[in-house]
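>>> Model the following, please.
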Amino acid sequence: MKRFLPILLLMVSCQEQAVTQDFDDRILDFVIETRNGRTIAFPDLYGRTFEIPDAKNEKLILSEKLKSRGFTVTETTSNIQGFTGIRSVTQKLVKDGCDCQVTKTYGRTAYVSEYAVTETISCSPNL
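Numbering: from 1, shown residues only. Predicted structure coming up:
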């Protein structure tokens, strides 16, 4: 019986990840469909990190999902907020009457060299 426990835990872990990804995809679809301009945060796409990659090498999960749905990136900007060192990367994407903005933010935590990573998205009709 002890042999099967790690396999069972792996199966539960994989199922939980699949459910979370499916939920994230459904929320993303809802944001695109409603196009109401409200910002939705996805705080659990990433774990915490101890370093911030160069902006040129930055990948935004929500932008990648939008690109797989036919969206095109029209603009990418990076911003460092003063002395805090908090950085954000924003991408604007468009497709068929829909403008979306995805922002990935590295926020400080209680630990000096640890960052919490969050992505947000908002979509609105392009007129």
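>>> Enumerate every residue touching Lys65.
For Lys65, the contact set (Cβ atoms under 8 Å, 6 or more residues apart in numbering) comprises Asp25, Leu28. Any C-beta I mention is one placed from the backbone N, CA and C, and that applies to glycine too.
>>> distance between the helix or strand it falls within and the chain's centre?
Assigned by DSSP states H and E, Lys65 falls within helix 61-68. Chain-centre distance of helix 61-68: 9 Å, with Cα atoms, centre = their mean, to the nearest Å.
>>> Report the mean confidence score over it.
Helix 61-68 carries an average pLDDT of 96.
>>> How about it, which residues are buried there?
Buried residues in helix 61-68, counted by 16 or more other Cβ atoms under 10 Å: Ile61, Leu62, Ser63, Lys65, Leu66.
>>> Can you show me the strands along this structure?
Counting by DSSP state E, the chain has strands at residues 40-42, 72-81, 86-95, 98-108, 115-125.
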